[in-house]
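# Quick one, structure for this:
(one chain, ligands or ions: 2)
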Amino acid sequence: MSASVNQTDAGAAAPAKPPLEILLCAPRGFCAGVVRAIDVVERALALYGPPVYVRHEIVHNKYVVESLKRKGAVFVAELDEVPDGTAPVIFSAHGVAKTVPQNAVARGLTTIDATCPLVTKVHREAEIHHKRGRHVLLVGHSGHPEVVGTMGQLPKGSITLVEDVEQIEALEPESRDNLAWVTQTTLSVDDTRHVVEALKRKFPTIVGPHKDDICYATTNRQEAVKQVAPLVDALIVVGSSNSSNSQRLREVAERVGCPITRLVNRAEDVDWEAFSNIRRLGLTAGASAPEVLVEEIIDAFATRYEVTVDTVSTTTEDMVFPLPRELRSEAAE
Ligand code: 0O3
Ligand code: SF4
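Ligands and ions are numbered 1, 2, ... in the order given. So this is what the prediction gives:
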């Protein structure tokens, strides 16, 4: 009897796995603002004991939020869900409108601000422009919590959201010669350049930052994807769907022509059908996605492919942000 191709008798060699080269983008994953924000929740849990309340997801990552919930963090959408008492309420890394801490103080709540210092810097820029009598244009995505927080630094009517070049055509501000612009920190570097160029064309005297307010982490992760995406058959961004910076990374890969691009929370969400015929895979992670999930995805590919992993590094990062003052003594212990 001739041997069948699919023979599975004991002792038969397992079919060879196809080769897959994974190009790992660097930098990827956690930025300094996310490390600090997660640390804030963990330190607060250690200092006050559970529960500690967190207004909005501390960072936009399902795994991070679920892990902190298990440790005693309670996530709420608004302050009115926080009971009166001694448990602290933490503001997420994306920042909050001025009314949020004001309302918390009025209720006698203990507050801890985990807003990334680079988001706070944009808040202060907007405030300075306003104090100098300028109307502020904020380049960003409508409804995103960072945009809500930045708009909420100024009185209503003093700041206008600009989402894209098309909206600039329709802008008719009261004083064309007294304008300033600021941006969300996690935007597409290329899209923002076009929006800012259009703003400067229409309002030649507008003032703003030297380049934009997109942070170092957003910029560096997009740059690494730009290098890797043209070299691979498919690219995976590890991150949650509500993470703006992660969404931008997938878009960057798609725009440079990468045929298959996906944003996935973790290995169980990988659409294996889409990745059945690839030889080279690009892999990165948004600023709020933990490295353990990148490793999990590599392991999942290794069960289907003979995997080799190479890192493509476009720059190195050494940014660290200190904890809020009220948590620092606890941090030293
Ligand atoms: O702003 P984004 O949706 O990208 O937020 P993430 O995913 O939580 O990442 C951290 C970035 C941040 C807190 C604001 O810059
Ligand atoms: Fe801060 Fe940038 Fe990280 Fe946002 S992505 S938390 S601005 S370092």
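# CA atoms for contacts and neighbours, from now on please.
Will do.
# wait, residue 57 sits on residue 66?
No: taking CA atoms under 8 Å as the contact criterion, residue 57 and residue 66 are not neighbours in contact, 9.9 Å apart.
# Alongside ligand 1, which residues does the protein contribute?
34, 59-60, 93-94, 185-186, 242-245, 287-288 (CA under 6 Å from any ligand atom).
# Reformat those residues as TSV; add neighbour count, pLDDT and secondary structure.
Output for the residues of the chain next to ligand 1, formatted as TSV (neighbours: other CA atoms under 10 Å; pLDDT from 0 to 100; DSSP: H, G, I helix; E, B strand; the rest coil):
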residue	neighbour count	pLDDT	secondary structure
34	25	99	helix
59	23	99	coil
60	25	98	coil
93	28	99	coil
94	29	99	coil
185	25	98	coil
186	24	98	coil
242	13	98	coil
243	20	98	coil
244	21	98	helix
245	26	98	helix
287	28	99	coil
288	28	99	coil
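# just those residues that are near ligand 2?
Okay, of those touching ligand 2 (CA under 6 Å from any ligand atom), that's 34, 93, 185, 186, 287.
# from those, which single one is nearest residue 255?
residue 186 (17.2 Å; CA to CA).
# for this structure, what spans make up the strands?
Along the chain, the segments classed as strands by DSSP state E run 19-26, 52-55, 73-76, 89-91, 111-113, 135-139, 159-162, 179-183, 234-238, 260-264, 280-285, 306-313.
# burial of the closest residue to ligand 2 within the stretch 151-300 of the chain, as a residue count?
Residue nearest to ligand 2 within the stretch 151-300 of the chain (CA to the nearest ligand atom): residue 215, separated by 4.6 Å. Using other CA atoms under 10 Å, residue 215 has 17 neighbouring residues.
# For the residue of the chain found nearest ligand 2, give me its contacts.
Nearest to ligand 2 in the chain, going by CA to the nearest ligand atom, is residue 33, at a distance of 3.7 Å. If a contact means CA atoms under 8 Å, 6 or more residues apart in numbering, then residue 33 has 93, 115, 116, 117, 118, 320, 321 as its contacts.
# Let me know the closest of those to ligand 1.
Using CA to the nearest ligand atom, residue 93 comes nearest to ligand 1 of the contacts of residue 33, at 4.2 Å.
# From residue 245, how far out is that closest one?
Taking CA to CA, to the nearest Å as the measure, residue 93 falls 13 Å from residue 245.
# Residue 33 too?
13 Å.
# leaving aside the residues next to it on the chain, what's closest to the residue nearest the centre of the chain?
A centroid search over the chain (CA atoms, centre = their mean) returns residue 245, at 4.0 Å, as the residue closest to the centre. Nearest non-adjacent residue to residue 245, counting by CA to CA, 6 or more residues apart in numbering: residue 186, 5.0 Å away.
# So what's the residue count around residue 81?
12.
# Now that the residue nearest to the centre of the chain has come up, it's in contact with residue 189, right?
No: taking contacts as CA under 8 Å, residue 245 lies outside contact range of residue 189: 10.6 Å.
# Run through the bridge partners of residue 76.
Per DSSP bridges, residues listed as beta-bridge partners of residue 76: residue 55.
# So for the residue of the chain closest to ligand 2, what's the pLDDT?
Note for residue 33: predicted pLDDT of 99.
# Same question for the one 3 residues further on.
For residue 36, the model assigns a pLDDT of 98.
# and what of residue 236?
If you check residue 236, the pLDDT there is 99.
# can I assume it is in contact with residue 283?
Yes: at 5.0 Å, residue 236 counts as touching residue 283 under the criterion of CA under 8 Å.
# quick one: which of those two has more around it?
Between residue 236 and residue 283, counted using other CA under 10 Å, residue 283 has the larger neighbour count: 27 against 23.
# Enumerate the residues of the stretch 1-150 of the chain near ligand 2.
Contacts of the stretch 1-150 of the chain with ligand 2, taken as CA under 6 Å from any ligand atom, map to 31, 32, 33, 34, 93, 116, 118, 119.
# Contact partners for the last one?
In this case it means residue 119. Going by CA under 8 Å, 6+ apart, residue 119 touches 94, 95, 146, 184, 185.
# tally of neighbours for the second one?
Okay, so that is residue 95. Residues lying near residue 95 (other CA under 10 Å) number 26.
# From residue 148, how far out is it?
Distance of residue 95 to residue 148, computed by CA to CA: 8 Å.
# Equivalent analysis for the first one, please.
According to CA to CA, residue 94 stands 9 Å off from residue 148.
# thinking residue 327 is in contact with residue 39, fair?
No: in this structure, residue 327 is not within contact of residue 39 by CA under 8 Å, at 9.5 Å.
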